[in-house]
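Engineer: What follows is a predicted structure for the sequence shown.
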Amino acid sequence: MQESVIVAGFGGQGVLFAGQALAYAAMDTGYQVTWMPSYGPEMRGGTAYCMVVVSDQHIGSPVVTQPTLAILLNGPSYSRFAPTVAAGGALIYNASLINEAQTRDDILTLDVPGLKLAEVAGDSRALNMVLVGAALAVRPFMTADRIKHTLDSHHLAKSPDMLAINCRALDMGAAFAESFISSRTS
């Protein structure tokens, strides 16, 4: 098993946080992991992305050029990374900010109303965790419960309240994706 993941968006959307959560959770599970962040000089609003590779074998390179999973939070990230998703992969994107999406027949594409679901979970800043929850529902190389445990055990959330919101956001994203999957198989 090897998953090559790109998480991308604006700085301040929790892109690096989402990648770190995936990386720590995979590491805690016993997988081989690489996490490579990239961000512009701007603190907030600049482009940010990270590459996460999770494998049950040795990882040859941390560079992801054809992700098996792309989690995209904004339009510029969609334009840049959506065409790079490997055939058979999955593209999970924030439909709250991306409306120029095009479908591909060779990948699973899921448009998630991320901002709306994050607000229902309790805080718009949980948008990243909504999309991670959805992504793990369609590419289940790890469980949302493992991410929740990691957020808590590595003290990644800034407060107990934010931890609870992130956990709800993961569940809401997963539930949204599962309903999408069940509607496709019905």
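Structural biologist: Done, it's in. All figures in this text were calculated on a predicted structure; none of them were measured in a lab. Numbers count the residues shown, from 1 in each chain.
Engineer: Please identify the buried residues of the helix or strand containing Ala137?
Structural biologist: Using DSSP states H and E, Ala137 maps to helix 127-138. Buried residues in helix 127-138, defined by neighbour count with 16 or more other Cβ atoms under 10 Å: Leu127, Asn128, Met129, Val130, Leu131, Val132, Gly133, Ala134, Ala135, Leu136, Ala137, Val138. Backbone N, C-alpha and C define where each C-beta goes, glycine included.
Engineer: Could you pull up the residues touching the spatially most central residue of the chain?
Structural biologist: Against the mean C-alpha coordinate of the chain, by Cα atoms, centre = their mean, the closest residue is Val132 at 3.7 Å. By Cβ atoms under 8 Å, 6 or more residues apart in numbering, the residues touching Val132 are Val7, Ala18, Ala21, Leu22, Ile71, Ala144, Ile147, Leu170, Gly173.
Engineer: let's see it at 10 Å
Structural biologist: Residues near Val132 by Cβ atoms under 10 Å, 6 or more residues apart in numbering: 5, 7, 14, 17-19, 21-22, 25, 71, 92, 126, 142, 144, 147, 166, 169-170, 173-174.
Engineer: re the thing from before, which one of the buried residues of helix 127-138 is nearest to Gly46?
Structural biologist: Nearest to Gly46 among the buried residues of helix 127-138, counting by Cβ to Cβ, is Asn128 at 16.1 Å.
Engineer: For this protein, which segments count as helices?
Structural biologist: Under the criterion DSSP state H, the chain contains helices at 15-29, 75-81, 114-121, 127-138, 144-153, 160-185.
Engineer: most neighbours per residue, which of these?
Structural biologist: helix 127-138 (a mean of 28; mean count of other Cβ atoms under 10 Å).
Engineer: Please find the angle between the direction vectors of that helix and helix 15-29.
Structural biologist: Following axes from the mean of the first three to the mean of the last three Cα atoms, to 10 degrees, one obtains 40 degrees for the angle between helix 127-138 and helix 15-29.
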